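Engineer: The following block contains a protein sequence and its predicted model.
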Protein chains: 2
Amino acid sequence: MNANLQVCVRRFPRDVVGVDDFELREAAMPEPAEGEVLVQSHFLSLDPYMRKRLADAREGRYPLSTGDVMMGRTVGSVIASRDPAFKTGDVVLGWGGWQRYAAEPGQNLQKVEPLEGGSLSAHLGVLGRPGITAWLGIVSVAQLREGDCLVVSSAAGAVGSLAAQMARHLGARVVGIAGGDAKCDAVTRQLGAHACVDYKAPDFAQRLIDATPDGVDVVFENVGAGVLDATLDRMNPNGRIAVCGLMGHYHSGEPYAFRHFARVLDRALKVTGFRIDDNIPLHGRALRDLRAWFDAGVFRPWETVTHGLEHAPDAFVSMLQGRGQGKTLVQLT
Amino acid sequence: MNANLQVCVRRFPRDVVGVDDFELREAAMPEPAEGEVLVQSHFLSLDPYMRKRLADAREGRYPLSTGDVMMGRTVGSVIASRDPAFKTGDVVLGWGGWQRYAAEPGQNLQKVEPLEGGSLSAHLGVLGRPGITAWLGIVSVAQLREGDCLVVSSAAGAVGSLAAQMARHLGARVVGIAGGDAKCDAVTRQLGAHACVDYKAPDFAQRLIDATPDGVDVVFENVGAGVLDATLDRMNPNGRIAVCGLMGHYHSGEPYAFRHFARVLDRALKVTGFRIDDNIPLHGRALRDLRAWFDAGVFRPWETVTHGLEHAPDAFVSMLQGRGQGKTLVQLT
């Protein structure tokens, strides 16, 4: 009962991530050292960036070894504290990883306020790193304006779905890109996007043209490769492309041949890669906006929740394969 | 003697530009209409962007037809004026095209001051569009700072050679990229670049690594394709890439497969395409800086001059083939 179930990295995947790359382990309950806090996790966030972490770790560019507990963002309750800033019962965000209990240094934790009518899981989504990431791309990098046409790829994903809703609230025409009819339907019906284009359709490029009759002003890019290439050709002069993810460039060994790269010059585009941890001074402003929009009902809850830590590897692989919609979470309690 | 020699577009090239795409013609001396000014050209500027104009004209995106005088920037003397703002003997910059005499509307002309110890041709180079273009990329788009490492491609070209000298003056470490030993030698010896890498060398990527031991902060890009790809892999975090030209993407039908495109995200890069005519409000500031630097001797004159308008097609093809260094000009008088 008190033992600490963990999911550890068994080996680093070469290309496609599989459930066999992880293994379950029972460990002793951690003991918080001086300055540490013992947290029981309620929710674990599963995110596409974790694939990149595994790839980086394999090449020694990220501090994670085989046998370690897999890393991840969590929200949980303090059950013991040796940091005077936290007391039992506090609800905190942290980097607990894929385990039931974690002893974390107090300075790695943030206390979060309870949400009226909202689940704790919102702190891992709209009020967490996905929300901040979407805000950085839409508000800070791309400086979206009312009346802009925005294209957002991976529109059914955690970050893309928030970017789409935020942009719609800010008065943009929102065109999502997602894989398959079910996701595209959800993006238009649940998120209120004006259109959503299926990148798996053989006539994807033509559908994108039809969905963007006045061209594209802003792109929130999560994929790159062929999805970005088709969008490049639709850009209006002085268009802005906020590059949040390039999933299409990570899991194939082949370099991607852009047909429309010259649009960067022809259309005087700004293509900007951004990372959440490079922009920490902006997080406070982002969270204030996100909280106000959250309270005003701008965001529709959209989560794929798996119950039980032992199913985390399955849920992760499933997310990477494009199943699941909105924010992917594991519920532990 | 008074007849107007012209070089006209005979046909639009499909891919490689040849001298047969142009033809010489003798026309009557133009008569300036009310508001027009008759200018005798002294120098005609030949520039890489003209290839793009021909390609655009072929597809109806630029107003130039077969049989028309080829377009181009000129500096000349007013020999008759029906615009009160100009008088005989004024030296003016205009769009006279590939002909000895042009009747141009006064509002298309700019009077230029005589330069002490400088040739009129400087108004088509450092104090003209190439200078303004280099300034826009280095100062406005990339915001080069002292101590930055700058890579400039086509460093032996009109714009690249000015960007390199400007950046050196501003305190950057300057690494040129050019084709062949002769050009690379000239870029280091004549322009004072710290290094210059031959993109035709089989070990180009390794040479670029050796020349940029601390990575690259700013790129002034004229080529794209494999030259840009190798540079992408050398970028430091938050690097800036000012895209001024993409010659490598225009004259091959094949899309270019970037191996290192994901660096845009990994290194949080800003890639910005810019065009001189989109930035007219900045031209005045650019020209003030350029004139001050010119007077202070920052720029070393570097021109490839062909004498006689009848040789303009040859000179143009030769420039596109990468022969010639610095600013390419035709002298008409």
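Structural biologist: Looks like it came in fine.

Engineer: Ramachandran coordinates for residue A:124?
Structural biologist: Per-residue torsions, residue A:124: phi -100, psi 0 (degrees, to the nearest 10).

Engineer: That one: neighbour count?
Structural biologist: By other C-beta atoms under 10 Å in any protein chain shown, the residues close to residue A:124 number 28. No exception for glycine: its C-beta is placed from N, CA and C like everyone else's.

Engineer: With the one 3 residues further on instead?
Structural biologist: Other residues near residue A:127 come to 24 when the count uses other C-beta under 10 Å.

Engineer: what does residue A:34 give?
Structural biologist: 7.

Engineer: From the structure, what's the count of residues near the closest residue in space to it that isn't next to it in sequence?
Structural biologist: For residue A:34, ignoring the flanking residues on the chain, the nearest one in space by C-beta to C-beta, 6 or more residues apart in numbering or on different chains is residue A:82 at 5.4 Å. Neighbour count of residue A:82, defined by other C-beta under 10 Å: 16.

Engineer: wait, does the least confident helix or strand in chain A by mean pLDDT contact chain B?
Structural biologist: When the helices and strands of chain A are compared on mean pLDDT, DSSP states H and E, helix A:247-250 comes out lowest with a mean of 79. Yes - counting by C-beta under 8 Å from any C-beta of the partner chain, chain B is contacted by helix A:247-250 at A:249, A:250.

Engineer: what's the neighbour count on residue A:199?
Structural biologist: 21.

Engineer: wouldn't it be in contact with residue A:227 here?
Structural biologist: Yes - if you go by C-beta atoms under 8 Å, residue A:199 and residue A:227 touch, sitting 5.3 Å apart.

Engineer: Okay, and residue A:78 sits in which element?
Structural biologist: Per DSSP states H and E: residue A:78 is located in strand A:74-81.

Engineer: ok, and the closest non-adjacent residue to whichever residue of the stretch 101-250 of chain A sits closest to chain B?
Structural biologist: Using C-beta to the nearest C-beta, residue A:249 is the residue of the stretch 101-250 of chain A that sits closest to chain B, at 4.4 Å. Closest residue to residue A:249 apart from its sequence neighbours, by C-beta to C-beta, 6+ apart: residue B:262 at 4.4 Å.

Engineer: ok, the one you found touching residue A:250?
Structural biologist: Yes - applying C-beta under 8 Å as the test, residue B:262 and residue A:250 come out as touching, 6.9 Å apart.

Engineer: Of these two, give the one with the bigger neighbour count.
Structural biologist: Neighbours were counted for residue B:262 and for residue A:250 using other C-beta under 10 Å; residue B:262 has more, 23 against 17.

Engineer: Where does the stretch 1-150 of chain A get nearest to chain B, residue-wise?
Structural biologist: Proximity of the stretch 1-150 of chain A to chain B (C-beta to the nearest C-beta) peaks at residue A:52, 8.8 Å away.

Engineer: Confirm for me that residue A:224 is in contact with residue A:261.
Structural biologist: No - using C-beta under 8 Å, residue A:224 is not in contact with residue A:261; the gap is 11.8 Å.

Engineer: and the lengthiest strand in chain A, what does it pack onto?
Structural biologist: The strand that spans the most residues within chain A, counting by DSSP state E, is strand A:36-46. Packed against strand A:36-46 by the contact rule (3 or more C-beta pairs under 8 Å, 6 or more residues apart in numbering or on different chains; DSSP states H and E) you find strand A:74-81, strand A:91-94, strand A:101-105, helix A:312-320, strand A:327-331.

Engineer: Now with 6 Å, please.
Structural biologist: Helices and strands touching strand A:36-46, by 3 or more C-beta pairs under 6 Å, 6 or more residues apart in numbering or on different chains; DSSP states H and E, are strand A:74-81, strand A:101-105, helix A:312-320, strand A:327-331.

Engineer: Skipping its backbone neighbours, what lies nearest residue A:70 in space?
Structural biologist: Distances taken as C-beta to C-beta, 6+ apart place residue A:98 nearest to residue A:70, at 4.1 Å, with adjacent residues excluded.

Engineer: Just the pLDDT for that neighbour.
Structural biologist: Residue A:98 is assigned a predicted lDDT (pLDDT) of 98.

Engineer: Provide the count of other residues in contact range of it.
Structural biologist: For residue A:98, using other C-beta under 10 Å, the count is 28.

Engineer: same check, this time on the one 5 residues further on
Structural biologist: Here the count is done by other C-beta under 10 Å, and residue A:103 has 17 residues near it.

Engineer: And residue A:53, by the same measure?
Structural biologist: 17.

Engineer: Show the contacting residues for the residue nearest to residue A:70.
Structural biologist: By C-beta atoms under 6 Å, 6 or more residues apart in numbering or on different chains, the contact list for residue A:98 reads A:7, A:69, A:70, A:72, A:312.

Engineer: Next step: those residues restricted to strands.
Structural biologist: The strands, defined by DSSP E, take in residue A:7 from these.

Engineer: Most widely separated two among the contacts of residue A:98?
Structural biologist: Farthest-apart pair in those is A:69 and A:312; separation 11.1 Å (C-beta to C-beta).

Engineer: Tell me which of these two has more neighbours.
Structural biologist: Comparing residue A:69 with residue A:312 by other C-beta under 10 Å, the one with more neighbours is residue A:312, at 24 against 18.

Engineer: The more buried one contacts residue A:332, correct?
Structural biologist: No - using C-beta atoms under 6 Å, residue A:312 is not in contact with residue A:332; the gap is 9.1 Å.

Engineer: got the contact list for the closest residue to residue A:245 other than its chain neighbours?
Structural biologist: Nearest non-adjacent residue to residue A:245, counting by C-beta to C-beta, 6+ apart: residue A:222, 3.9 Å away. Applying C-beta under 6 Å, 6+ apart to residue A:222 gives the contacts A:153, A:154, A:160, A:244, A:245.

Engineer: how about 8 Å then?
Structural biologist: Neighbouring residues of residue A:222 by C-beta atoms under 8 Å, 6 or more residues apart in numbering or on different chains: A:48, A:152, A:153, A:154, A:157, A:159, A:160, A:244, A:245, A:246, A:247.

Engineer: same thing with residue A:278?
Structural biologist: Residue A:278 makes contact with B:237, B:238, B:268, according to C-beta under 8 Å, 6+ apart.

Engineer: Just the buried residues of stretch A:63-75, please?
Structural biologist: A:64, A:69, A:70, A:71, A:72, A:73, A:74, A:75 (16 or more other C-beta atoms under 10 Å in any protein chain shown).

Engineer: Equivalent analysis for stretch A:281-291, please.
Structural biologist: By neighbour count with 16+ other C-beta under 10 Å, stretch A:281-291 contains the buried residues A:283, A:286, A:287, A:289, A:290, A:291.

Engineer: for stretch A:196-210, same thing?
Structural biologist: Of all the residues in stretch A:196-210, those buried under the rule 16+ other C-beta under 10 Å are A:196, A:197, A:198, A:199, A:204, A:205, A:207, A:208.

Engineer: Am I right that the second one is in a strand?
Structural biologist: Going back to what we said before, that points to residue A:197. Yes - using DSSP: H, G, I helix; E, B strand; the rest coil, the secondary structure at residue A:197 is a strand.

Engineer: these two touch, right, it and residue A:205?
Structural biologist: No - the criterion here is C-beta under 8 Å, and residue A:197 misses it with residue A:205 at 9.4 Å.

Engineer: dump the residue contacts of residue A:47.
Structural biologist: By C-beta under 8 Å, 6+ apart, residue A:47 lies in contact with A:72, A:73, A:129, A:130, A:158, A:328.

Engineer: What pLDDT is listed against the last one?
Structural biologist: Reported pLDDT at residue A:328 in the predicted model: 96.

Engineer: Quick check: phi and psi on the residue nearest to residue A:245?
Structural biologist: According to degrees, to the nearest 10, residue A:222 has phi -110, psi -10.

Engineer: Check the gap between it and residue B:32 for me.
Structural biologist: Residue A:222 is 58 Å from residue B:32, where distance means C-beta to C-beta, to the nearest Å.

Engineer: distance between stretch A:49-58 and the chain's centre?
Structural biologist: Centroid separation for stretch A:49-58 versus its chain: 14 Å, with C-alpha atoms, centre = their mean, to the nearest Å.
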